[in-house]
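[1] Structural data only, the sequence is not supplied:
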């Protein structure tokens, strides 16, 4: 196979990976949380030592 | 030496001698952040094992059969990040849908796996060091199981430290960091256990 075909395949795979990520992210967000986990709050005992500012729960707490 | 024996030795080597946390200092964030309770550290460790092994299985062929022949090997980091992020989302989706108990225990920690540099470090290291597929797989399994073992052992120590009579200035993270340093020193003692493993 010529190099151009490999290049097209390579770029297509990267685009496919991007699409896979976007689709999986949308599906993850749209999937309802299991019963009892709808409104998970920060657990002091679990999160006390963590300062991960990108964590969605960290942000939620900061906004309130 | 048979391939199987070499494979097992390579796993033990990357698990104990070249431990990802204690000798390469990857994945320190979850190591310190999610090691306060044994249960959550075990869940985090198992999720990391799953993601690292799957990422290794996908990233090695992706690099060697697609990116290198296409002449875009410099895009490897972007491709690996996309693979890891997609895997984490898919694992999260699966857990959310089919295992409510595990989601309850692990749900808020799942996105942290994406930012765990141990996952990217393994995939990048496999290609940078020119490993074969079998070597990459051994490295992936060894590294991830090493991460699991260390985070669980460390969380057990931290649970005991909470009830220990620690000086006030050392309570919490300082004593945890000192413990991690002592563990790293202990693991240096294992260096040179195996040498010249060929797969």
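    Happy to help now that I have it. Every value quoted in this text rests on a predicted model; they were computed, and no experiment measured them.
[2] residues in contact with residue 21?
    Let's take chain A. Residue A:21 makes contacts with B:82, B:85-86, B:89, as judged by C-beta atoms under 8 Å, 6 or more residues apart in numbering or on different chains. To be clear about C-beta, it is placed using only N, CA and C from the backbone, and glycine gets the same treatment.
[3] The intended chain is chain B.
    Contacts of residue B:21 by C-beta under 8 Å, 6+ apart are B:27-28, B:31, B:118, B:146-147, B:150-151.
[4] same question, residue B:175
    Residue B:175 neighbours (C-beta under 8 Å, 6+ apart): B:161, B:166.
[5] Tell me the secondary structure at it.
    Here residue B:175 is helix, with the state taken from DSSP: H, G, I helix; E, B strand; the rest coil.
[6] Let me know the pLDDT of residue 64.
    Went with chain A since none was named. On the pLDDT scale, residue A:64 is placed at 42.
[7] actually it's chain B I care about, not the one you picked
    Model confidence at residue B:64 (pLDDT) stands at 92.
[8] ok, it - how many residues close by?
    17 (other C-beta atoms under 10 Å in any protein chain shown).
[9] So which residue is smack in the middle of chain B?
    residue B:144 (3.8 Å; C-alpha atoms, centre = their mean).
[10] how much space between it and chain A?
    21 Å (C-beta to the nearest C-beta, to the nearest Å).
[11] And the strands in chain B, which stretches?
    For chain B, no strands are identified by DSSP state E.
[12] Get me the contact residues on it for chain A.
    Proximity of chain B to chain A is confined to B:29, B:32-37, B:40, B:62, B:66-67, B:69-72, B:75, B:78-79, B:82-83, B:85-86, B:89-90, B:92-93, B:96-97, B:100, B:103-104, B:107-108, B:111-112, B:115, B:172-173, B:176 under the rule C-beta under 8 Å from any C-beta of the partner chain.
[13] List only buried entries from those.
    B:29, B:32-37, B:40, B:62, B:66-67, B:69-70, B:72, B:75, B:79, B:82-83, B:85-86, B:89-90, B:92-93, B:96, B:100, B:103-104, B:107-108, B:111-112, B:115, B:172, B:176 (16 or more other C-beta atoms under 10 Å in any protein chain shown).
[14] picking up where we left off before, from the contacts of residue B:21, which two are the most distant?
    Greatest spatial distance among the contacts of residue B:21 (C-beta to C-beta): B:28 and B:146, at 14.1 Å.
[15] out of these two, which sits in the busier spot?
    The residue with more neighbours, out of residue B:28 and residue B:146, is residue B:146; 27 against 14, by other C-beta under 10 Å.
[16] Tell me, what's the model's pLDDT at that one?
    pLDDT at residue B:146 comes out at 92.
[17] now swap in residue B:97 and tell me
    As predicted, residue B:97 sits at a pLDDT of 82.
[18] can you count the residues close to the residue lying closest to it once chain neighbours are set aside?
    Nearest residue to residue B:97 in three dimensions, chain neighbours excluded: residue A:31, at 5.9 Å (C-beta to C-beta, 6 or more residues apart in numbering or on different chains). Other residues within reach of residue A:31 by the criterion other C-beta under 10 Å amount to 13.
[19] quick one: low-confidence ranges for the chain?
    You didn't say which chain, so I picked chain A. Chain A contains residues with pLDDT under 70 at A:36-64.
[20] Switch to chain B, please.
    Scanning chain B for pLDDT under 70 picks out B:1, B:105-109, B:194-199.
[21] In it, which helix is the longest?
    helix B:133-162 (DSSP state H).
[22] helices and strands around it, which ones?
    helix B:3-12, helix B:28-33, helix B:38-61, helix B:117-128, helix B:173-188 (3 or more C-beta pairs under 8 Å, 6 or more residues apart in numbering or on different chains; DSSP states H and E).
[23] Report the distance from the second one to the chain centre.
    Remark: helix B:28-33 is offset 11 Å from the chain centroid, using C-alpha atoms, centre = their mean, to the nearest Å.
[24] what do you get for stretch B:164-177?
    The mean C-alpha position of stretch B:164-177 is separated from the chain mean by 26 Å, C-alpha atoms, centre = their mean.
[25] I appreciate the help and will end here.
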